[in-house]
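K.L.:
Starting from these lines, generate the structure:
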Amino acid sequence: MNSDIQFETFLLVSYKKFSIIVIRKYDFQKIYLEEIELSNNASKINFNELDKFLDDNIFKIEKILKNFVKNINLIIDFNNFFPIKISIKKENFGNYLSTNILSYTLNEAKDIIRKTLNKKKIIHFIIENYVIDEKHFSNLPINFKCRNFSLDLKFICISDDLFKSFEQILKRYQISLKSVASFNYIKKFIDKNNLDIYNLSKR
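P.N.:
As a prediction, the model looks like this:
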């Protein structure tokens, strides 16, 4: 059986620490956890050290799982992210504001960002505010008719080069980069959701 069906593997990378953890999906039980502390004065990721850390742990994980690790969820804990804010406005002509219209608008906004960004990768996007017929909402109203609406959006991005560096180092172990998350973004939801940082990174 494919181990990715039963387990999730997470890699947390910061200037001070590398952590790798495997969680069983059905009960969120941690079945493997290993981490190393790094030099406190580091100002960039040492990919040679990361390679050695993976080399020390991937085989151990695969021995426990009795299968290959095919995907890893990466959590990055440093300040190489680029926040970009935009607003996008749409006419709705008095129709109901549907999730389909919202999804189309969000995809349009992502396309705009991708075309204007120079060598950046979108990691998260957040709807910060809904403005519907000039009224502000923190959440999308249900069954609501409106003439027009706009979305205030925030995109969190990293450089393509950094993203590709992580992809390349994982490819040495025949592992794909399944998802990328910003530690600083997801950590603020821990208390609200009573979940740990690894489970939150998948939401």
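K.L.:
all strands for this protein, in order.
P.N.:
7-14, 17-24, 30-37, 71-77, 82-96, 120-132, 135-137, 145-159, 176-182 (DSSP state E).
K.L.:
Now those in CSV, please, with extra columns for distance to Lys44.
P.N.:
(Each C-beta comes from the backbone N, C-alpha and C, glycine too.) Shown next, in CSV, are those (distance: least, C-beta to C-beta, whole Å):
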stretch, distance to Lys44
strand 7-14, 11
strand 17-24, 14
strand 30-37, 17
strand 71-77, 12
strand 82-96, 16
strand 120-132, 18
strand 135-137, 41
strand 145-159, 12
strand 176-182, 17
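K.L.:
Which of those sits closest to Ile113?
P.N.:
For Ile113, the closest of the strands of the chain is strand 145-159, at 5.4 Å, according to C-beta to C-beta.
K.L.:
just for the protein, where's the confidence low?
P.N.:
1-4, 40-42, 189-203 (pLDDT under 70).
K.L.:
at 80 instead, please
P.N.:
1-5, 39-43, 142-143, 188-203 (pLDDT under 80).
K.L.:
Which residue lies nearest the spatial centre of it?
P.N.:
Using C-alpha atoms, centre = their mean, the residue of the chain that lies closest to the mean C-alpha position is Ala181, 2.8 Å off.
K.L.:
roughly how far apart are Val69 and Lys90?
P.N.:
Look at Val69 and Lys90: by C-beta to C-beta, to the nearest Å, they are 43 Å apart.
K.L.:
neighbour count winner among these two?
P.N.:
Shown here are Val69 and Lys90; by other C-beta atoms under 10 Å, Val69 has more neighbours (23 against 16).
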